[in-house]
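K.L.:
this one's structure only:
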């Protein structure tokens, strides 16, 4: 880790990389903007997977006094990971045929038929405890009616994967056990919440005496205002929705694995070590003697003894970790490997054939309906996850190292 303090910074910037050359120009510029905010507590942090985002770098962390910034949480509010481990050895099921391919191929096929991915959704509204409870409690009576369309859409999108870097993976840990990992968030609901309240923050900037340039895209909401309290409520709703979204998909994955494995083997499948964690949110926490809003955008909280999930790109490695409680990072780690190339650049550099061949050579089963954009999410488009993990040894201890054996992408 090194620290940046120069004529461009207000507060220091702590960076968990080797040196300045490891930071892309846009990411550094956004970090400078963050460091100049008057309500920063202590410093700004950049995780080892950091890269440019909207307003604030992805892999960025900072604590704020009495304000929240919608763009410092991000559009996919509550995006995160869910994980479970099994008692099944991958070697025992890898070659077993089901009539629809191997057990792994069959499970991937079943989940692709059951779970909408990409921009698709269910044709009928689905049960959603989070949205039902909010309605029953009069959560949005008379306020922020602009978001009601997104709420109703949420009933059609609960238990759906989405696209981009979201995935469902079957993985093998270093002891050979089958595990399941899912990456998804709050779908369209979270994006609408961010966009709506970012506009509210911009509209009220003058009223709150903001001097933050509009081009920084870091407009804020004081937490003691109606607008600030409303954003925090809606952010919490999106986080609960994202958690339920991941949980429902994991339940489907558990059922699919259990059904196929128990039908074609003598195993009685057991699940252990369940984890469900966010990496796009703001949380009220105490750090260095003050209660502050810690913004984590593409970053994972790892307090001492707290377990979390850090995924790599498909076909590479992912990790289950336990936090060491690193105070300088505000008890935070990276949320993944971090992009090396943009989606557009990745498709220009790598061909679909290259990616498919690479996955086949590793024995990875790919579940994807349209493969022409698969290069966007290939492992070559991301930083080396093992290098990222090496740079955050002061934040986390590795509990499991996992490799992809089957993956579903939108």
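P.N.:
Great, that's in hand. This structure is a prediction, so every number in the text was calculated from the model and none was measured.

K.L.:
what residues are up against residue 270?
P.N.:
Residue 270 makes contact with 86-87, according to Cβ atoms under 8 Å, 6 or more residues apart in numbering. Placement of C-beta: from N, CA and C, glycine included.

K.L.:
any idea of the mean pLDDT in the strand of greatest length in the chain?
P.N.:
Using DSSP state E, we find that the single longest strand of the chain is strand 396-409. Per-region confidence: strand 396-409 scores 97 on mean pLDDT.

K.L.:
ditto for stretch 137-154
P.N.:
Across stretch 137-154, the average pLDDT comes to 87.

K.L.:
name the element residue 180 belongs to?
P.N.:
For residue 180, the enclosing helix or strand under DSSP states H and E is strand 177-184.

K.L.:
Sheet-wise, list the partners of that strand with their directions.
P.N.:
strand 80-89 (antiparallel), strand 167-173 (antiparallel) (DSSP bridges).

K.L.:
quick one: furthest residue from the center of the chain?
P.N.:
In the chain, counting by Cα atoms, centre = their mean, residue 266 sits farthest out from the average C-alpha position, at 35.8 Å.

K.L.:
Would you mind pulling up the elements that the host helix or strand of residue 283 packs against?
P.N.:
Using DSSP H and E, residue 283 falls within strand 280-287. Contact analysis of strand 280-287 by 3 or more Cβ pairs under 8 Å, 6 or more residues apart in numbering; DSSP states H and E lists helix 70-73, helix 226-264, strand 290-297 as its packing neighbours.

K.L.:
ok, now with 6 Å
P.N.:
Here strand 280-287 touches helix 70-73, strand 290-297, going by 3 or more Cβ pairs under 6 Å, 6 or more residues apart in numbering; DSSP states H and E.

K.L.:
Of those, flag the one that's most buried.
P.N.:
Stretch with highest mean neighbour count among those: helix 70-73 (a mean of 27; mean count of other Cβ atoms under 10 Å).

K.L.:
Mean confidence (pLDDT) on that one, please.
P.N.:
For helix 70-73, the mean per-residue pLDDT is 98.

K.L.:
swap in stretch 353-363?
P.N.:
The average pLDDT within stretch 353-363 is 92.

K.L.:
so where's the stretch 201-350 of the chain uncertain?
P.N.:
Along the stretch 201-350 of the chain, no part satisfies pLDDT under 70.

K.L.:
Number of residues surrounding residue 102?
P.N.:
Neighbourhood size, residue 102 [other Cβ atoms under 10 Å]: 18.

K.L.:
Who does it form a beta bridge with?
P.N.:
residue 97.

K.L.:
what comes up buried for the longest strand of the chain?
P.N.:
Residues 396, 400-409 are the ones in strand 396-409 that count as buried (16 or more other Cβ atoms under 10 Å).

K.L.:
Stretch 17-24 now?
P.N.:
Neighbour-count burial for stretch 17-24, counted by 16+ other Cβ under 10 Å, picks out 17, 22-23.

K.L.:
again, but for stretch 213-221
P.N.:
By neighbour count on 16+ other Cβ under 10 Å, the buried set for stretch 213-221 is 216-221.

K.L.:
for that stretch, the distance to its chain's centre please.
P.N.:
The chain centre lies 23 Å from the centre of stretch 213-221; the measure is Cα atoms, centre = their mean, to the nearest Å.

K.L.:
contact partners of that stretch?
P.N.:
The contact list for stretch 213-221 (Cβ atoms under 6 Å, 6 or more residues apart in numbering) reads 33, 55, 67-69, 71, 201-202, 205, 212, 227-228, 231.
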